[in-house]
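*Asks:* test case, fold it:
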Amino acid sequence: MTMYLTSNPREAWAMAFETGIRTQASADLAESQSDPVVVKSGKRKQYLLGYDEEGKAITYTREQVSASQDVSRKGGPGASFGSEYQSVYSAIAQMERENPVLANVGHWLSLNDTEQANRYHDDVFDTVLTRLISMTPAWGDWREKRKERAKALIQARMVQDRLDVDGMRPGWTPQEVCVFASEYLGIKIIRNNWYQDGWVAVWELLGLIIKELETSAMKPIEKTISQTNKEISNFLKHAA
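*Replies:* Sure thing, here's the model as predicted:
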């Protein structure tokens, strides 16, 4: 049964990184490039995809397939599980090359609770902090303690927004934010001073910053989802 891509770009992003999909998409990307590096020829060619952190070659072995098999793999009847998300992976790979900042944001928001996604935490934190500083004229006059608390709010906001995959979860209360900052970061923010100290304004500004970053990161994914679903629909119409 052919499955259409989910309309949720974060879920599509996560699906594109399911086991096997990334490998196949990487192989397709390698083959689409001019003069791909073939490590071993024959009926089962081995393509060089790159190198891991230890310098070991990452290869992909693929048998030669017919045109009809290739079409079925791209969403037709008999397609392997998740293969329709190869187009999403390709869009993400392009973003990694052309705009790594947005790619890091997408990884952090979409690959929930995985070691792979957590690698991007610091990069996203730095991006949000830089934007917060640029949008806060008085930042240079803030005491270090206030800056520490603002940075703790960044961490809290990143986690809250990351968990809200479908956009339906209620936002954290000031009490929940303060508890998170205290228990997980060791930073004390007084709940009773949430409005008096202006933390509500910082919290709302962080929400706008992260939302803008997410919108920019997910825009090409949403476009790919739409295009791929149209292709699947057209394929089904012609196959009927």
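*Asks:* all contacts plus neighbour counts: C-alpha atoms, from now on.
*Replies:* Will do.
*Asks:* how far away is residue 128 from residue 4?
*Replies:* As judged by CA to CA, to the nearest Å, residue 128 and residue 4 stand 34 Å apart.
*Asks:* quick one, which of these two is more surrounded?
*Replies:* Legend: neighbour count by other CA atoms under 10 Å for residue 128 and residue 4, higher for residue 128 (22 against 18).
*Asks:* give me the pLDDT for that one.
*Replies:* Residue 128 carries a pLDDT value of 98.
*Asks:* mind checking the SS state of it?
*Replies:* helix (DSSP: H, G, I helix; E, B strand; the rest coil).
*Asks:* surely it touches residue 154?
*Replies:* Yes - using CA atoms under 8 Å, residue 128 is in contact with residue 154, at 7.3 Å.
*Asks:* shared neighbours, those two?
*Replies:* residue 206 (CA atoms under 8 Å, 6 or more residues apart in numbering).
*Asks:* what sits up against stretch 148-155?
*Replies:* Residues outside stretch 148-155 that contact it (CA under 8 Å, 6+ apart): 125, 128-129, 177, 181, 185, 187-189, 199, 202-203, 206.
*Asks:* among those, which ones are in strands?
*Replies:* With DSSP state E as the criterion, strands contain none of the contacts of stretch 148-155.
*Asks:* pull out the buried residues from the residues you listed.
*Replies:* Neighbour counting with 16 or more other CA atoms under 10 Å marks 128, 129, 177, 181, 187, 188, 189, 199, 202, 203, 206 as buried within the contacts of stretch 148-155.
*Asks:* which residues touch the fourth one?
*Replies:* Put plainly, it is residue 181. The contact partners of residue 181, taken as CA under 8 Å, 6+ apart, are 152, 153, 156, 187, 188, 189.
*Asks:* between these, which sits nearest residue 163?
*Replies:* Using CA to CA, residue 156 comes nearest to residue 163 of those, at 10.9 Å.
*Asks:* the closest one: which element?
*Replies:* Under the criterion of DSSP states H and E, residue 156 resides in helix 144-163.
*Asks:* buried stuff in that helix?
*Replies:* Buried residues in helix 144-163 (16+ other CA under 10 Å): 149-162.
*Asks:* tabulate those residues (TSV), appending pLDDT and distance to residue 108.
*Replies:* Listed next are these as TSV, based on pLDDT from 0 to 100; distance: CA to CA, whole Å:
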residue	pLDDT	distance to residue 108
149	98	22
150	98	20
151	98	17
152	98	17
153	98	17
154	98	14
155	96	12
156	96	14
157	97	13
158	95	9
159	93	9
160	94	12
161	94	10
162	92	7
